[in-house]
Each structure stands twice: as structure tokens, then as C-alpha cells.
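Q: How does the following fold in three dimensions:
(one chain, ligands or ions: 1)
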Amino acid sequence: MADLLLTHGYFLFEDPKELQIMKPYAPLGILYLCSHLRNQGFDVEVFDTTFSNREALFQHLRTEEPSVIGIYANLMTRGNVVEVLKVAREAGWKTIVGGPEPGAYALEYLQAGADFVVFGEGELTMQDLLEAFRADSIDSCSSIPGLAYLDDTGNMRETPHREQIADLDNQPWPARHAIDVSRYVKTWRDAHGKGSVNFITARGCPYKCRWCSHQVFGQTHRRRDPLLVVDEVEWLLQTYSPDMVWVSDDVFTINHKWIRDYAAEMRRRGLRIPFECISRADRLNAEMLDLLAELGCFRVWIGSESGSQRILDAMDRGVKVEQVQQAVALTRERGIESGMFLMWGYEGEELADIEATIKHVSITKPDIFFTTVSYPIKGTPYYQRVSERLVQLKPWSVSSDREIKIKGRHSRTFYSHADKLLKDEVQLARLAGTPAANSELAATLRDQIQLSRAGLHSTLMEVEA
Ligand code: B12
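A: Purely as a prediction, here's the structure:
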């Protein structure tokens, strides 16, 4: 019987959308916990659910001798995690949840069957908890920082705040050998012709975008020593022979000196691997993009969010629309693809802002863009701002923050017209100046644009009740 079983509630084969995308990545959070706790002498196992199914996990929980289970949860996996909690408890396991969501819904998770909710980084809190369990002094848990639990009367108790790990370089790499990372690489390769692995070079994002969840790392930003990151990259390449990598940092190019040092070390060791990463327009310039290109970057994702400066300012995004346009142009000059994230329906967005976004994307012409209708993540200033207008359509345990309705906002139909309009306008803009500008396709797009714009106007007064 291990001291701890770590798992997460993500089942790739049960998720039709993710199956279409087929770009799974190893769950780094629980792998970091695993390596840290193993280094402290605990016997830790990982049940990676990604390629498994809930029956197999439930079977494991029912047949193994119960000890402690630690489950990662985010806003998409809540329903699954609640089910796992129920089965684990019934089978006699002590249950702990952590990750980006539970801290914002501590009471709900405790009432759903968690014995403990861990806030923020889990390494040190889990270590203290396992030590308390080992000493059989469960009462001492009330003195462990970074926790919530229910007391004998069913009231939630929160222990003091847990300080973050000061030096990430003293932490071990994630315990990738605890799971089958090669299966991730193979899944990528089978679906896309390229195998990929992920790693992080830093923790936390210092920016204050009002809709973004800072539940785990707050507003801090801690970077790893670039030389040690290169060690990990070198090991990843030797061990898994991926064709590309994904740097899963929130903003890879925050610290320009760091990127210079990292690039210099990769150059010194003769390492180059195609990769994609996320950045911000204000943290990209010609020098950074030259270095990214040299390192093998083939795609940079830039949070663009809106083409309306008024909305960007309302989000506290800290970026100018023109900066995004310049960053995409600089990216293109270096043969790097640009990907853009866009958001509809943020507080205060009017038709004119939507048109501004459409114009912005049509002018900028990123290689790919994704749109989302904004949703309030619990714990964010955006959630706070719209909290009085939120309508939970389904019970908490079987829904997610993505499904919360915001009263008074435009209807889904309205945003689907905006989406269609955006896609067609951008496609038409791409045809401009080419022989296809007068093609049948262009004529069809113009017709569709007219229809979508009419749809947008006719649904303008439809609001969520
Ligand atoms: C990589 C990533 C993805 C990858 C996931 C691949 C993977 N398996 O990692 C992809 C692209 C698929 C993805 C998708 C989505 N993501 Co994402 N993603 C990230 C990102 C950028 C990095 C994750 C990471 O590796 N972190 C590094 C590790 C070290 O941190 P960690 O996982 O949080 O783990 C620490 C603690 O949480 C804690 N901990 C973790 N597990 C456990 C378990 C226990 C028991 C305990 C005690 C503690 C504990 O200790 C760990 C070590 O300190 C984070 C942002 C971030 N910087 O974390 C967003 C983030 C996790 N994603 C987020 C969101 C919203 C999504 C999507 C819903 C987006 C969308 N619109 O589709 C989807 C959901 C997909 C799904 N079905 O689950 C949010 C989650 C918010 C929330 N409250 O849940 C985050 C936090 C971004 C944000 N700031 O808003 N994502």
C-alpha cells in the first residue's frame, strides 16, 4: 500500500471535443507533487487517467487497500473529480483535492467528500499532511498552513496562508517516469505526425487580467535557472525523442534576459527543437522573436482578447491593440506562425467593440485564432464583478464555471453570429489582393457576411434572462 495515490479527473476518451483535438499533455502538477514527495521518502503512485477510464480508476480504488488519495481538479474536471471523491470515500480512502479550482470552491469540495482542500502549490502542504498521517496525528492538521477542512460541527476551517516555494531550482523535475509519457508522444505523433512533450520554465504570472485565474500561484512570478531548464530539455529530447515541445508557461517571454541566457545555453549545447509557447504582445519584440526563431519556435500564441482598446482596458490587460498587430507582423516576418485568443461578451462590450475586433483580426491576419464567450472563473475579479447576475443552470457538482449564465448579457445566438461574421470577414480579408478576391468563394463569403451582420443586429436586443 502506497502512502499516497495521485490522480486527476481527466479522461481523454470520454471527451469528444478533446478527442478531435488529440493534443494531450502530461499532468505536470501531480507529477511535481510526486517527485517532491518521493524525495521526502514517501511511497507515491500516480494513476494517470488521461488514457484510462473511470471504471478502471474506480476498480482500483475499490480493490486496493485504501490509504490517501490526492486529486487534481480544474474547472473542466470538477464533475469527474466529485465522482472520484465519492467512490474513494466509500472505499475508505482519505481524500485530498488541489489544483486551480478547489481553492475557489473549498466548501463545495469538502461537502462533496474531500477531507482536505489544499490551496496553491501542493508540495509542502502535502508533505506536512502525509507526515501528520504517518504520525497518526490527524488533529495536528489544523496547524498545517494552506488547508481547508470541515470541523466536527461541519463548519469550514481554513489554516493560515502557505508561503510559496522560494527556490524552484531546489525542486526535482516532475516525476514523468511515474506515468507513460511515451504514450502522450505517440498519441500526438499518430494524430499529427509529430510527437510532443511539455515542460515549464516558471511559475505564476504577474499580470492582472481580470478574467484569469491566479488561484494557484497568485500574482508572483518565479523563474527557474535557464541552465537547469536546458538540462531538462536535453533530457526530454534524449528520453522521449519528441518532434516538438510545448513550453506550458503562462507567458514564456516575460523576462528578456532569461530568454537570452536560455538561448545562449541551447546554442552552446547545439540544441534546437521546434516548439510553441504563449506570450503577450508587450513582451515580444524583434530581438525576442529572433531568439524564439533561433530556438525553433514555430508558433506563438498571443492573448489578443479584443480589438477594442476600451475592452482591453476594462480587462486590465495592459496591452494596446497596436502592440498585438505589431507583434503578429514581427512574428510573420520571421516565419513563425501566430495564434490568437479572442473573447466575446466581456463586461461592457457593445456592437461597436465587436466590429472593432472583427476589423482588428481582419487587418492582423493571424494564422489561427480561437474565440470563447467569456465566462467568469470563481476567484477572479471578473467573477466578483458579475457575481450578482450569475445564474447556475445545473447543480454545482455536475456543471462548470463555463456553463454559468450571466443575466442581461447577449444571447448565445448573438455571439454565434459574431463568431461566424469574424471567421468570414477574416477569410475574405485573406483573399483580398489575391486572384481569389473575385472568386465564387469570395462572393459566397460576402453573402454570408451580410447574413451574419443582419443576424447580429436582429438579435441585439435578445438578452439572457
Ligand atoms: C498546460 C495547461 C493546459 C493544458 C493541459 C495539459 C496538461 N495536462 O497540463 C491544456 C491546453 C489542454 C489546457 C486546457 C484547458 N485549460 Co489550462 N492550463 C494550462 C497551464 C498553462 C499550465 C498547467 C501547468 O502545467 N501548470 C504547472 C503546475 C506545476 O501547476 P499546477 O498544475 O497548478 O499544480 C500545482 C498546484 O495546482 C497544486 N496541485 C496540483 N494538483 C494537485 C493535487 C493535489 C492533491 C494537491 C494537494 C495539490 C495539487 O500543486 C502543484 C504543484 O505546485 C495552466 C496555467 C498554469 N500556469 O498553471 C492553465 C489552467 C490550468 N487552465 C485553465 C483552463 C481554464 C483551461 C481550459 C478550461 C481552457 C479552455 N478554454 O478550454 C481547458 C480545460 C481542459 C480540460 N479538459 O481539463 C485554468 C484553470 C482555471 C480553473 N480555476 O480551473 C488555468 C489555471 C489557466 C488560468 N489561469 O485561467 N490547459
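Q: Which residue ranges make up each domain of this protein?
A: 4-158, 180-374 (automatic domain parsing).
Q: so which of these comes closest to the ligand?
A: domain 4-158 (2.1 Å; CB to the nearest ligand atom). From N, CA and C alone the C-beta is placed, and that goes for glycine too.
Q: Pull the distance from that closest one to the chain's centre.
A: Computed by CA atoms, centre = their mean, to the nearest Å, the chain-centroid distance of domain 4-158 equals 18 Å.
Q: how long is it from one end to the other?
A: End-to-end distance for domain 4-158, by CA to CA, to the nearest Å: 23 Å.
Q: Quick check: next helix or strand after the helix or strand bottoming out on mean pLDDT in the chain?
A: Every helix and strand of the chain was ranked by mean pLDDT, DSSP states H and E. The lowest is helix 16-21, at a mean of 93. The C-terminal neighbour of helix 16-21 among helices and strands, as given by DSSP states H and E, is helix 28-39.
Q: Tell me the helix or strand right after that following helix.
A: strand 44-47.
Q: Dump the domains of the chain to TSV, plus mean neighbour count and distance to the ligand.
A: Formatted as TSV, the domains of the chain follow (neighbours: other CB atoms under 10 Å; distance: least, CB to the nearest ligand atom, whole Å):
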stretch	mean neighbour count	distance to the ligand
domain 4-158	19	2
domain 180-374	18	4
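Q: Can you lay out the ones you listed as JSON lines showing distance to residue 427?
A: JSON lines is the format used below for these (distance: least, CB to CB, whole Å):
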{"stretch": "domain 4-158", "distance to residue 427": "21"}
{"stretch": "domain 180-374", "distance to residue 427": "9"}
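Q: Just the strands from the stretch 301-450 of the chain, written as ranges.
A: 337-344, 368-373, 390-391, 405-406 (DSSP state E, counting those that start in this stretch).
Q: quick one, which of the domains of the chain is nearest to residue 429?
A: domain 180-374 (3.9 Å; CB to CB).
Q: Let's test this: mean pLDDT of the closest one, rounded?
A: Averaging pLDDT along domain 180-374 gives 98.
Q: With just CA atoms, put stretch 35-54 into CSV.
A: This file holds the C-alpha atoms of stretch 35-54, laid out as CSV (Å, rounded to 0.1, in the frame of the first residue of the first chain):
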residue,chain,number,x,y,z
SER,A,35,8.7,13.8,-7.3
HIS,A,36,8.8,16.1,-4.3
LEU,A,37,7.1,13.7,-2.0
ARG,A,38,9.1,10.7,-3.2
ASN,A,39,12.3,12.7,-2.5
GLN,A,40,10.9,13.2,1.0
GLY,A,41,10.7,9.4,1.4
PHE,A,42,7.0,8.8,0.7
ASP,A,43,5.8,6.0,-1.4
VAL,A,44,3.7,7.7,-4.1
GLU,A,45,1.9,6.3,-7.0
VAL,A,46,0.2,8.0,-9.9
PHE,A,47,-2.9,6.8,-11.6
ASP,A,48,-2.9,8.8,-14.8
THR,A,49,-6.5,8.9,-16.0
THR,A,50,-5.8,10.5,-19.4
PHE,A,51,-5.7,7.3,-21.4
SER,A,52,-7.7,5.3,-18.9
ASN,A,53,-11.4,5.3,-17.9
ARG,A,54,-13.4,6.0,-14.8
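Q: Other residues contacting that stretch?
A: Residues from elsewhere that reach stretch 35-54 (CB atoms under 8 Å, 6 or more residues apart in numbering): 2-14, 24, 26-27, 30-31, 33-34, 57, 60, 80, 83-84, 123, 126-127, 130, 171-175, 178-180, 183-184, 187.
Q: I'd like to know which of these are part of strands.
A: Counted as lying in strands by DSSP state E, out of those, are 4, 5, 6, 7, 8.
Q: Residues in a beta bridge with the last one, which ones?
A: Going by DSSP bridges, residue 8 is paired in beta bridges with residue 72.
Q: and the closest residue to the ligand within the stretch 301-450 of the chain, how many neighbours?
A: Closest residue of the stretch 301-450 of the chain to the ligand, CB to the nearest ligand atom: residue 377 (4.9 Å). The number of residues packed near residue 377 is 22, by other CB atoms under 10 Å.
Q: For it, list the residues it contacts.
A: When contacts are taken as CB under 8 Å, 6+ apart, residue 377 is in contact with 75, 104, 211, 212, 213, 383, 401.
Q: Also residue 290?
A: By CB under 8 Å, 6+ apart, the neighbours of residue 290 are residue 334.
Q: And for residue 128?
A: 144, 145.
Q: And it, how close does it get to residue 118?
A: Distance of residue 128 to residue 118, computed by CB to CB, to the nearest Å: 10 Å.
Q: what do you get for residue 224?
A: 22 Å.
Q: Likewise for residue 351?
A: 44 Å.
Q: Please apply the same query to residue 298.
A: Taking CB to CB, one finds residue 298 at 37 Å from residue 118.
Q: swap in residue 48?
A: From residue 48 to residue 118 the distance is 20 Å (CB to CB).
Q: again, but for residue 100
A: In terms of CB to CB, residue 100 sits 12 Å off from residue 118.
Q: Next: residue 397.
A: 20 Å.
Q: got a list of what residue 309 touches?
A: Residue 309 sits in contact with 320, 321, where contact means CB under 8 Å, 6+ apart.
Q: Quick check: it vs residue 178, distance?
A: Residue 309 is 47 Å from residue 178, by CB to CB.
Q: again, but for residue 422
A: 43 Å.
Q: okay, these two: which has more neighbours?
A: The neighbour count for residue 422 versus residue 178, taken as other CB under 10 Å, is higher for residue 422 (25 against 19).
Q: Report pLDDT for that one.
A: Confidence score, pLDDT, at residue 422: 98.
Q: my guess is it contacts residue 364, does it?
A: No. Judged on CB atoms under 8 Å, residue 422 makes no contact with residue 364 at a distance of 12.0 Å.
Q: isn't residue 280 right up against residue 251?
A: Yes. Under the criterion of CB under 8 Å, residue 280 makes contact with residue 251 at 5.3 Å.
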